[in-house]
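*Asks:* Using only what follows, build the 3D model:
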Amino acid sequence: MSPNGASDSKSNSERPVKIIIVGAGFAGLSCAIESRLKGHDVILLDKFPKLKVLGDIISFGPNAGRIFERWGLHDKMWPLCTHLKTFHLNTWKGDLITAQPLNEKEFGSYSYNGHRGELHQILFDHAVELGVDLRLSANVTEYWEDDHAAGVVSNGERLSADVVVGADGVRSKARAMVLGYFDQPEPSGYAIYRAWFTAKGSGIDEDPLSDYLVKDGDAFYGWIGKDVHMLSSSSKGGKDVSWVITHKDTADIEESWSFPGKMEDVLKIVEDWDPRCAAILSKAPSCVDWKLVYRDPLPTWISKKARIAVIGDAAHPFLPTSIQGASQALEDGVTIAVNLKLSGPEEAPLSIQAFEKIRYQRVRRAQRTGETNRDKWHQADDKKAVEDPKSVALNREEWLLGHDAEKHAWEAYPDTAKDIKEHGYHLPELPEGDVAAERVAKAREEYLAKAM
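*Replies:* The predicted structure follows:
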């Protein structure tokens, strides 16, 4: 039963909505899982031949946590996650700014922070258990749509559905092929060194400058300085350790991507910092150098006939300092599934238009937190930060973390769909005062001129 009283057992049509999803990352899996729960027929395509448990730390806020919990995944995910009680934030010199308490639950739900690959595996398996038609080694070379259907060409086979969802990440083919929009990424001026490793055998538990991370369960420590911040935490009761260090980097690169990092370069960044930083960083057997790029918001996330949409990183890449990229990807997938439940196949394009209307401004507000969080730490004055810890504390705002994407979609869709029917579809506006508004307005003019 939906929050507004509509039954989940029937759609507005005698037949289920047919959906093709391209990309089996968190965005694609969330859309596939929620779509199966809503009774849709789902084909999920991914180019990789098999799933590999890769990556390092990933964070899902309570807004995503309530989705996992509704799916019944808490007991599988929770043992793999980091269980934190306090965030110890220090100046780069080692002076304690704040020991911020972290609640196990916020706004009624848990946060899930753990190894990207391990949590991804749980969602992957859950999708299969629900009956998602998951096809690996699927090379999608074409997207198409007409007034009655949409589809892709995968490994030479022409597939058809009511809608297609492109969830193929920052290097999205869907974004380029569907929108005809090659948005050129720009260097953000920052990069991240990051690592995840097993504590046992690393020496981290034998060094008094680092043992506090693992000797008493999970711990979370951070250091902030001019144009640099470092975060480190342990997981699984102190068995695993991860760290990230965000720093200035002006390298010109075509896309956000990762390379093997050099530990001597990492340690050079903190050579005059609190010695605890080098002690933690040096225990990692290897690290990744991840260049960060910036993108203005896309003019739109949907195709001309509104039968194809891009979601997650394909639509709106996030800076890691937002701590919301993966959570917003889940919200995207859930919203599309609910909308299609309410529209049925006959009005599938309307549901895709409503998806963009419902999500666009919220996503942009969440994106901007990545910049404000980073700047808050990188521009902080040490003395003032110690005197006023709230000025640099982690933001835990209800509008962001207390959001229920499924409930909101059930409630927002009827009025949104009605407005579109009565007044036609118009591209959603950016939030008032958005710094990218002028650039996006120009991009929209160019996009619309090409579309006509």
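
*Asks:* Which strands or helices does the helix or strand encompassing D332 pack on?
*Replies:* In the assignment (DSSP states H and E), D332 maps to helix 325-343. Secondary-structure packing of helix 325-343 (3 or more C-beta pairs under 8 Å, 6 or more residues apart in numbering; DSSP states H and E): helix 26-37, strand 57-60, helix 62-70, strand 163-166, helix 348-378, helix 405-423. For every residue, glycine as well, the C-beta is placed using N, CA and C.

*Asks:* Could you quantify the relative orientation of that helix and helix 405-423 as an angle?
*Replies:* 60 degrees (axes from the mean of the first three to the mean of the last three C-alpha atoms, to 10 degrees).

*Asks:* what is the orientation angle of helix 325-343 with helix 26-37?
*Replies:* Using the same axes, to 10 degrees: helix 325-343 against helix 26-37 is 30 degrees.

*Asks:* Wait, a helix at S234?
*Replies:* No - going by DSSP: H, G, I helix; E, B strand; the rest coil, the assignment for S234 is strand, not a helix.

*Asks:* correct me, but it touches A219?
*Replies:* Yes - counting by C-beta atoms under 8 Å, S234 does reach A219; the two are 5.4 Å apart.

*Asks:* check contacts around the closest residue to S235 other than its chain neighbours.
*Replies:* Distances taken as C-beta to C-beta, 6 or more residues apart in numbering put T82 closest to S235, at 4.2 Å, once the chain neighbours are dropped. Residues near T82 by C-beta atoms under 8 Å, 6 or more residues apart in numbering: 113-114, 218, 220, 233-236.

*Asks:* Tell me the buried residues in stretch 245-254?
*Replies:* 245-247, 249 (16 or more other C-beta atoms under 10 Å).

*Asks:* pLDDT (mean, whole number) over stretch 320-330?
*Replies:* For stretch 320-330, mean pLDDT is 91.

*Asks:* what do you get for stretch 294-304?
*Replies:* Here the average pLDDT along stretch 294-304 is 88.

*Asks:* What number of residues are in the vicinity of the residue nearest to A366 when sequence neighbours are not counted?
*Replies:* Leaving out its chain neighbours, the residue that sits closest to A366 by C-beta to C-beta, 6+ apart is Q324, at 4.8 Å. Q324: 26 surrounding residues under other C-beta atoms under 10 Å.

*Asks:* what do you get for Y425?
*Replies:* 18.

*Asks:* and what of the one 5 residues further on?
*Replies:* The criterion is other C-beta under 10 Å. On that basis, L430 has 20 neighbouring residues.

*Asks:* Same question for E118.
*Replies:* When neighbours are counted by other C-beta under 10 Å, E118 comes out with 18.

*Asks:* returning to that earlier point: over to the residue nearest to A366: give its phi and psi.
*Replies:* phi -140, psi 0 (degrees, to the nearest 10).

*Asks:* ok, now how distant is it from H403?
*Replies:* Q324 is 10 Å from H403, where distance means C-beta to C-beta, to the nearest Å.

*Asks:* rewinding a little: L400 is in contact with the residue nearest to A366, correct?
*Replies:* Yes - look at Q324 against L400 with C-beta under 8 Å: they come within range, at 6.9 Å.

*Asks:* what is in contact with these two at once?
*Replies:* With C-beta under 8 Å, 6+ apart, Q324 and L400 have common neighbours 61, 366, 369.

*Asks:* V293: what secondary structure?
*Replies:* Under three-state DSSP, V293 falls in the strand class.

*Asks:* show me where pLDDT drops low in the stretch 301-450 of the chain?
*Replies:* Scanning the stretch 301-450 of the chain for pLDDT under 70 picks out no residues.

*Asks:* Repeat that for the stretch 101-250 of the chain.
*Replies:* 183-184.

*Asks:* Which parts of it are strands?
*Replies:* 105-106, 109-110, 112-115, 133-135, 140-145, 150-154, 157-161, 163-166, 186-198, 220-225, 228-235, 240-248 (DSSP state E, counting those that start in this stretch).

*Asks:* surely D147 meets A306?
*Replies:* No - at 10.6 Å, D147 does not count as touching A306 under the criterion of C-beta under 8 Å.

*Asks:* more neighbours, those two?
*Replies:* Ranked by neighbour count (other C-beta under 10 Å), D147 and A306 place A306 first, with 22 against 7.

*Asks:* tell me the SS of the more buried one?
*Replies:* Strictly by three-state DSSP, A306 counts as coil.

*Asks:* from memory it sits against P349, does it?
*Replies:* Yes - because the distance of 3.8 Å satisfies C-beta under 8 Å, A306 is recorded as touching P349.

*Asks:* residues contacting D218?
*Replies:* By C-beta under 8 Å, 6+ apart, the neighbours of D218 are 82-84, 233-238.

*Asks:* tally of neighbours for the closest residue to L130 other than its chain neighbours?
*Replies:* Of all residues not flanking L130 in the chain, R36 sits nearest, at 4.2 Å (C-beta to C-beta, 6+ apart). Applying other C-beta under 10 Å, we find 22 residues neighbouring R36.

*Asks:* measure R36 to Q379 for me?
*Replies:* Separation of R36 from Q379 (C-beta to C-beta) stands at 46 Å.

*Asks:* Also H88?
*Replies:* Look at H88 and Q379: by C-beta to C-beta, they are 21 Å apart.

*Asks:* out of those two, which sits in the more crowded spot?
*Replies:* With neighbours defined as other C-beta under 10 Å, H88 and Q379 compare such that H88 has more, 16 against 11.

*Asks:* for the more buried one, phi and psi?
*Replies:* Dihedral angles for H88 - degrees, to the nearest 10 - are phi -90, psi 110.

*Asks:* That concludes my questions; thank you for your assistance.
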